[in-house]
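Novice: could you look at this predicted model? Sequence included:
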Amino acid sequence: MHNLLAHAASLGCRVYFFPMPDDWEGYFDSSDAIVINSRMTEPYQREVLAHELGHAWHGHDWRHPHDQERDERQADLYAARLLISPTEYALAEAICEHPAAIARELAISTDLVTIWQDWLHRQRIPA
């Protein structure tokens, strides 16, 4: 979590942890503040913070019309690339093949593993 908080600071973002309703995970607002639901587990807080950092990195501004689906995909991929080390992924994949098992080895969600695998596959396909 320390590395993510340092990364947030390097992007000019302030991060706050507050208890929020269960259906709220976190959000990035136009003042470069990221709010994370402190009621979630720490591993899930890490993923949500990495996702919100993706919104910050890409300059997503929710005050104006935007392609929400594209913005969420960009933030998800940013989070996956931020949290998954290629070396650690390769070691996990050598032990197990199924995305859920790899996710357990890396202490992240299966969704992030799948997003990372899709991105990696696209990188290997010649244009």
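Specialist: Thanks, I have it.

Novice: contacts, neighbours, all on C-alpha from now
Specialist: Fine.

Novice: in which helix or strand would I find the spatially most central residue of the chain?
Specialist: With distances taken as Cα atoms, centre = their mean, Ala79 lies nearest the centre of the chain, 2.4 Å away. Here Ala79 sits within helix 68-83, counting by DSSP states H and E.

Novice: give me the buried positions along that helix.
Specialist: Neighbour counts over helix 68-83 (16 or more other Cα atoms under 10 Å) mark 71-72, 74-83 as buried.

Novice: repeat for stretch 25-32
Specialist: Those would be 25-29, 32, for stretch 25-32 by 16+ other Cα under 10 Å.

Novice: and Leu91, that's in a strand?
Specialist: No: Leu91 is assigned helix when assessed by DSSP: H, G, I helix; E, B strand; the rest coil, not a strand.

Novice: any idea of the mean pLDDT in the helix holding Ala79?
Specialist: Averaged across helix 68-83, the pLDDT comes to 95.

Novice: other SSEs contacting it?
Specialist: helix 42-58, helix 110-124 (3 or more Cα pairs under 8 Å, 6 or more residues apart in numbering; DSSP states H and E).

Novice: and those helices: which comes nearest Ala103?
Specialist: Taking Cα to Cα, helix 110-124 is the member of these nearest to Ala103, at 5.2 Å.

Novice: from the chain's centroid, how far away is stretch 46-56?
Specialist: Centroid separation for stretch 46-56 versus its chain: 5 Å, with Cα atoms, centre = their mean, to the nearest Å.

Novice: hang on, the earlier thing: any idea which of the helices and strands packed on helix 68-83 scores lowest on pLDDT?
Specialist: helix 110-124 (a mean of 92).

Novice: re earlier: looking at the helices and strands packed on helix 68-83, which is buried most?
Specialist: Highest mean neighbour count of those: helix 42-58, a mean of 21 (counted as mean count of other Cα atoms under 10 Å).
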